[in-house]
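S.K.: Here is a sequence with its predicted model. Questions after.
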Amino acid sequence: MVVANRLYNSSLTSEQFLFYEMRIVSKQYLEGKSIDEIIKDIKADNLFQYPTERKMSRIARACQRRVLALGNENLIHELANASVEVAKQVNLYAMMRYSRLVREFMTDLIGEKYRQQEFSYTRKDINGFFSRLQEQNDDVAAWSEQTVMKLKQVLTKCLIETEMLDSIKDTTLNPIFISEELETGIRENNDLTALAAFNCFR
């Protein structure tokens, strides 16, 4: 298993789930376009539908890094073309492949809950996850309270996007089913520890 970014990174505060943007970038990537060509197209047609161009380049580059982190052409194709439900699971996996923080949140906290059939998910759980990281890692310990609070919101929203949680106030994880396409891609990547994050233990 390779996580593209071995350092803990707080960029998730601005580079969130980005599903709509990831669909666009993955489609253009599959057409063989370079990142500069992708950015040019996004700006020319305002494909992200942002009010200004200021964020477009940065978000497009972030999306491309996640697409590349998937390391699997079949999964990139699913991200670009599959149903929303399947593609959102693939998008979350792309985030796990790129971000150590997302990876550990999804495998160490959410995956363990699925493994133990322990479906409660409360503020205490995510607070405990960040407390452990802060004790273990100086970079995480240096993040401001505001940054950590934002990251907790983004990670929880990832669960909502993939229907693991019903809402921001919900305290029970849904026992989801991994899509066949994602399971196949994870196995092709020999990234078996990622399966737990999607409630898959076969």
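M.R.: Perfect, I can see it now.
S.K.: residue ranges with poor pLDDT in the protein?
M.R.: Within the chain, the stretches with pLDDT under 70 are 1-5.
S.K.: Would you map the helices across it?
M.R.: Using DSSP state H, the helices of the chain run over 19-30, 35-45, 56-70, 73-81, 84-98, 100-104, 112-115, 123-136, 138-141, 145-161, 180-188.
S.K.: now those helices in TSV, with distance to Leu173 and mean neighbour count?
M.R.: To be clear about C-beta, it is placed using only N, CA and C from the backbone, and glycine gets the same treatment. TSV is the format used below for the helices of the chain (distance: least, Cβ to Cβ, whole Å; neighbours: other Cβ atoms under 10 Å):
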stretch	distance to Leu173	mean neighbour count
helix 19-30	20	21
helix 35-45	35	16
helix 56-70	24	20
helix 73-81	23	20
helix 84-98	14	24
helix 100-104	16	21
helix 112-115	6	16
helix 123-136	10	14
helix 138-141	24	13
helix 145-161	7	17
helix 180-188	18	18
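S.K.: For Ala196, find the nearest of those helices.
M.R.: The stretch from the helices of the chain with the least distance to Ala196 (Cβ to Cβ) is helix 112-115; that distance is 5.7 Å.
S.K.: Need the helices of the chain in JSON lines (columns: distance to Leu195).
M.R.: Output for those, formatted as JSON lines (distance: least, Cβ to Cβ, whole Å):
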{"stretch": "helix 19-30", "distance to Leu195": "21"}
{"stretch": "helix 35-45", "distance to Leu195": "30"}
{"stretch": "helix 56-70", "distance to Leu195": "15"}
{"stretch": "helix 73-81", "distance to Leu195": "14"}
{"stretch": "helix 84-98", "distance to Leu195": "10"}
{"stretch": "helix 100-104", "distance to Leu195": "13"}
{"stretch": "helix 112-115", "distance to Leu195": "10"}
{"stretch": "helix 123-136", "distance to Leu195": "20"}
{"stretch": "helix 138-141", "distance to Leu195": "26"}
{"stretch": "helix 145-161", "distance to Leu195": "17"}
{"stretch": "helix 180-188", "distance to Leu195": "6"}
